[in-house]
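Q: model this:
(2 chains)
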Amino acid sequence: MPMPSSLQRLRRELFATPLDSLISVLLMGGLTAAAAGLLHWALAQAQWLVIQANSTLFAIGRYPLDQQWRLWLLTTLLAAATGITWGLLRAWPRPDRPARLWPRNDVLASGLLALLALLLPAALALTPPLQLRWWGITALMLLARWGAGCWGPRVPGPIRRLLPLAWPVLYLLGMVLINGGLGLMPVPPSQWGGLLLTLIESSFAILLCFPLGILLALGRRSDLPLLRWGSVLYIEFIRGAPLITLLFLGQNILGFLLPGGVAPERVWRAAWVLTVFAAAYVAEAVRSGLAAVPRGQLEAARSLGLPVHQALIHVVLPQALRVALPATVGQFITLLQDTTLLSLIGLLDLLGTARTVMANPAFLGKNAEVYLVLAVLFWCCCAALGLGSRALELRLNPNANVRSTLANAKA
Amino acid sequence: MGSPIQAQAGAAPPWWRNRRLIPWLVQVGVGLVVLVLVAFLVGNLVRNLTAAGLLLSWSWIHNPSGFDIAETLLPFNAALPYWRALLAGLVNTVRVVIAGLVGATALGTLMGTASFSSNGLLRRLARIYVEVIRNIPLLLQLVFWYFVVFLQLPNGTAALQLPGVVLAKSGLYLGHTALVNGVWQGSLRFTVEFTALLTGLVVYTGAFIAEVVRGGIAAVPQGQWEAARSLGFSPLQTLQRIVLPQSLPVILPGLNSQYISLAKNSSLAVACGYTDLYSVAETTLNQTGRAVEVVLILLGAYLVIDLLISALMNGLNQLVQIKER
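A: Got it, this is the predicted structure:
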C-alpha cells in the first residue's frame, strides 16, 4: 500500500534504521518532557511581576522622569525613518529583480510587528497611555512604510542620493537628545542604563571600530614595514588579552595616562575600550577579505593611472569588504554580546540593571525570570543582525545577481 | 594627458613624486606621531603615578595578602604574600581552562558530527543548539548556570545521584561517594562555582567548536563517504577512520582560535564566584591600588596562556598534516 509522501519523509528522516528509531524516540521523549516542564514553570510557577514592575528600569535605567519625552521623540523618529527606508528600498528597482512593493516576507514582518505592538505592552502590563504610545509608534512606522512605498518612485534622483545621509544625522540628533545640550537639560551618562545604555555603547563601538579596523587591516598588509609592524603589534596585543582585563585597564589606568581631569566619564571610557577592542577583531575579518582580492586588481587599477588611495577605495575595498561581510557582522554581534561585561565593572547595562533589580529584597531569587527574558532579548537582537547580514550578503553577491537576472530573462 | 609620461622620460621627477622617498617620509611621519603620543601618555603616567605615590614597584608583592581563596590546588591562606595569591589564581584559571578544553572539544565534536546524522531530529537539534547558544552572551549564560541551575540544586538525600557521580548544591562529587551526617563526601570534589563555570564554558565553546567541526567535515568530498560505505565500513567507522582524519587539517586551525577564546573567556569566572586569576587581581588592586602592576601581570599571564595553546596546536597541526610523498 503506497504511503503519503509526508509520512514517507517522516519515516526516512526519523525511523530509517532501528538505531535511528531509538534515538528519535528518546529525543522526542526528552523534548516533550522539557517543553512540558518549561511551560508548566512559565505559566504556573514563574512570577513575571519582576519584569512588569521594572520594565522602565530595564528599558532606560534611571533616566530622569521629566526628560523621558526626549526618548519617546527619538523612538518616534527612528520608527518613521525605519518605515521610510524600508518602503523606499522596496519601491526602487534593483539590479537583480524588478521592484516589488509587498513581497511575502514583508507582509509577514508587518503582521508580526503589529502583533508584537498589541501583545507586548499588554504582557508588560504597561499603563494605557504608554500602550497607546507604542501602538501609535508602530502604526506610524507601518504607515511610513506604506507611504514611502507609494510615493518612492516619484522621488527625484538628487534627493534619492541624499536620503541615506538622514541616518547619520539622526544618530547625531539622537545623541544630542539623549545626552542633552543645545538648550536641552544635560542628562549625565551615569543616569543612562538598561537597554538604552547597551544600545548606545554597542552602536558607538560598532560605528567607530569599523573604519578603525579597515585602517588597521590595510596597515597590516602595507609594504611599509613601520606601518605593518605597528598594526601587527596592536592587533596581536589586543587579541591576546581578555576584554575584561582591557575594561579593567580602561577604568583604572586611563585616568593616569591623561593629564588630570581630561579622562572621559566611565561610560565613555568603556565605550572607547569596546571600540579599540573590536577594531582589532574587525581588522582580522577585513584582512581575510583583502586576502581574497587577487593582486592583479590593485595592479590593474594602478596601471590605469589611479593613485594608491583611489585604487584601494574604488577597486580593492569594495570587493574585500563584500567577502569580509559575514565575519565583520559576526564581530558586531559579538560586540553586542560583549556589552554585558560592562556589568562586571559596575556599569548599569541590561545585565547590570538586572543585577540591581534582583538585589532588591522584593524581587530576591527571581533570577530565572529575569535571565530568561534577557536571553530572549539578546537572542532576538543577535539573530536579527545575523539575518540582516545574510540578506545583505545575498544582495551584494554579484554572481547571485547575474544568475537571477538570467533567470528573469529566461522567464 | 600624455604630458606626465613625457616629463618623466625627460628629467628626474621632483622629490614629492619620488616613489622611493614618499613611503619613507610617510613612515617617519607616522612614527613621529606615534612616538610623540606614547611619550605624552607615558610622561603623564609617570607624573600622575608619582603624584599618587604609586610609581612602578614590585615590593608590595611580598606583603601578606590578608584575603582567603575558597578553593585552591596550591595550599593558601591569608598570611601568605600577594604573589602566592596570584599564583593560586593562575593555577585555578589553568585548571578550569584545561577541563574546559577537554569538555568543549568532546561536546563540540559530538554536536558537529550530529549535524551529519541520518536522523533528522538529531540533525535539527544540533543546529538549534548552535543557533541558540551562539546568540546569547556568555556572561548571561554563566550567571544563568550559576544562579538558576546550580545554586537551586538540593542538598542531602535529594541531590542528583548517578553511580559514581553526585551533584548537590555543595558541589560535584566523583568516584566513591557517601552521605555522612547529611553532607556528601567523595574521592573527588568540585565546588559548585567551578562546576557552573565549567558547564557554561563547555556549552558555549562547544557550540563554536561544533561549527568548526561541521565545516571541517563538510570540506571532505562526498565521494570519500561513498567509497568507504561501498567498502563495507559502517557509518561510525567511516566517520572515525576516513572522514575525521581528513578533516583534521581543516579543523585544527579553527580549534586553535576557539581554545584561545575559551582561555580568555575563563576570566569571566568572577560572575560565578570562582576565584580565578582575574578575580584575585581585582581584589589585589582594591587592596593595594597598584593598578599598573596588576594589569601588567594580567596581560602577561593571559598572553603566555594564549601562546602556550597556540604552540601546542601548531605542533598538533604539523602532526596531522596529510603526508604526501
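
Q: What does the pLDDT read for B:L86?
A: On pLDDT, B:L86 comes in at 90.

Q: After the helix or strand hosting it, which helix or strand is next?
A: Taking DSSP states H and E as the criterion, B:L86 maps to helix B:82-114. Counting by DSSP H and E, the next helix or strand C-terminal to helix B:82-114 is helix B:120-134.

Q: average pLDDT for that following helix?
A: For helix B:120-134, mean pLDDT is 91.

Q: What are the buried residues along the helix holding B:L86?
A: Of the residues in helix B:82-114, B:82-90, B:92-97, B:99-101, B:103-105, B:107-109, B:111-114 count as buried by neighbour count, 16 or more other C-beta atoms under 10 Å in any protein chain shown. Placement of C-beta: from N, CA and C, glycine included.

Q: Now do that helix and helix B:120-134, the angle between them.
A: For helix B:82-114 against helix B:120-134, the angle by axes from the mean of the first three to the mean of the last three C-alpha atoms, to 10 degrees is 150 degrees.

Q: quick one: low-confidence parts of chain A?
A: Applying pLDDT under 70 to chain A picks out residues A:1-4, A:93-99, A:260-262, A:398-411.

Q: Walk me through the domains of it.
A: Annotated domains of chain A cover A:55-186, A:188-349 [automatic domain parsing].

Q: Deepest in the core, which of those domains is it.
A: domain A:188-349 (a mean of 19; mean count of other C-beta atoms under 10 Å in any protein chain shown).

Q: quick one: that domain near chain B?
A: Yes. On the criterion C-beta under 8 Å from any C-beta of the partner chain, domain A:188-349 is in touch with chain B at A:223-227, A:230, A:240-245, A:248-249, A:252-253, A:255-260, A:333, A:337-338, A:340-341, A:343-344.

Q: Disregarding residues adjacent in the polypeptide, which is nearest to A:S24?
A: Leaving aside its chain neighbours, A:S24 sits nearest to A:L14 (4.3 Å; criterion: C-beta to C-beta, 6 or more residues apart in numbering or on different chains).

Q: which residues touch the closest residue to chain A within chain B?
A: The minimum distance from chain B to chain A, using C-beta to the nearest C-beta, falls at B:G120 (3.1 Å). Neighbouring residues of B:G120 by C-beta atoms under 8 Å, 6 or more residues apart in numbering or on different chains: A:E13, A:L14.

Q: and B:L167, that's in a strand?
A: Yes. B:L167: assigned to a strand according to DSSP: H, G, I helix; E, B strand; the rest coil.

Q: which residues does it form a beta bridge with?
A: B:L160, B:L172 (DSSP bridges).

Q: Flag every residue of the stretch 51-200 of chain B that's near chain A.
A: Contacts of the stretch 51-200 of chain B with chain A, taken as C-beta under 8 Å from any C-beta, map to B:52, B:117-122, B:125, B:131-132, B:134-141, B:143-144, B:147-148.

Q: Buried subset of those residues as a ChimeraX selection?
A: Listed next is the ChimeraX selection for buried residues among these, using 16+ other C-beta under 10 Å:
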select /B:117,119,120,121,122,125,134,135,136,137,138,139,140,141,143,144,147,148
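
Q: what sits up against stretch A:320-331?
A: Identification of contacts with stretch A:320-331 by C-beta under 8 Å, 6+ apart yields A:209-210, A:213-214, A:278, A:281-282, A:285-286, A:288-290, A:292-293, A:385-386, A:388-390, A:392-393, A:396-397.

Q: oh, I was asking about stretch A:258-269
A: A:188-190, A:192, A:197, A:200-201, A:250-251, A:254-255, A:257, A:272, A:345-347, B:41, B:44, B:48.

Q: And stretch A:140-151, by the same measure?
A: Contact with stretch A:140-151 is made by A:76, A:79-80, A:82-88, A:90-91, A:101-102, A:110, A:113-114, as judged by C-beta under 8 Å, 6+ apart.

Q: repeat for stretch B:303-318
A: A:240-241, B:93-94, B:97, B:249, B:252-253, B:255-256, B:259-260, B:263-264.

Q: and with 10 Å instead?
A: The contact list for stretch B:303-318 (C-beta atoms under 10 Å, 6 or more residues apart in numbering or on different chains) reads A:236-237, A:239-242, B:90, B:93-94, B:97, B:101, B:248-249, B:251-253, B:255-257, B:259-264, B:266, B:277.

Q: chain center to that stretch, what's the gap?
A: With C-alpha atoms, centre = their mean, to the nearest Å as the basis, stretch B:303-318 stands 12 Å off its chain's centre.

Q: Now residue 149: closest residue in space that isn't a chain neighbour?
A: Since no chain was named, I'll use chain A. Spatially, and ignoring its direct neighbours in sequence, A:G149 is nearest to A:G87 (4.0 Å; C-beta to C-beta, 6+ apart).

Q: right idea, wrong chain: chain B
A: Spatially, and ignoring its direct neighbours in sequence, B:V149 is nearest to B:A196 (7.2 Å; C-beta to C-beta, 6+ apart).

Q: Over to the one you found: give its phi and psi.
A: With angles defined as degrees, to the nearest 10, B:A196 sits at phi -60, psi -50.

Q: Where does chain A get nearest to chain B, which residue?
A: A:E13 (3.1 Å).

Q: contacts for the host helix or strand of that residue?
A: Assigned by DSSP H and E, A:E13 falls within helix A:5-14. With contact meaning C-beta under 10 Å, 6+ apart, helix A:5-14 is reached by A:2-4, A:20-21, A:23-25, A:27-28, B:118-124.

Q: rerun at 6 Å
A: Helix A:5-14 is contacted by residues A:S24, B:G120, B:L121 when judged by C-beta atoms under 6 Å, 6 or more residues apart in numbering or on different chains.

Q: Give me the angle between that helix and helix B:120-134.
A: 70 degrees.

Q: elements contacting the next helix or strand after helix A:5-14?
A: Where DSSP H and E defines the elements, the next helix or strand beyond helix A:5-14 is helix A:18-40. Helices and strands touching helix A:18-40, by 3 or more C-beta pairs under 6 Å, 6 or more residues apart in numbering or on different chains; DSSP states H and E, are helix B:120-134.

Q: just how off-centre is the helix it packs on within its chain?
A: Distance, stretch centre to chain centre, for helix B:120-134: 23 Å (C-alpha atoms, centre = their mean).

Q: repeat for stretch B:281-289
A: Centre-to-centre, stretch B:281-289 and its host chain are 24 Å apart (C-alpha atoms, centre = their mean).
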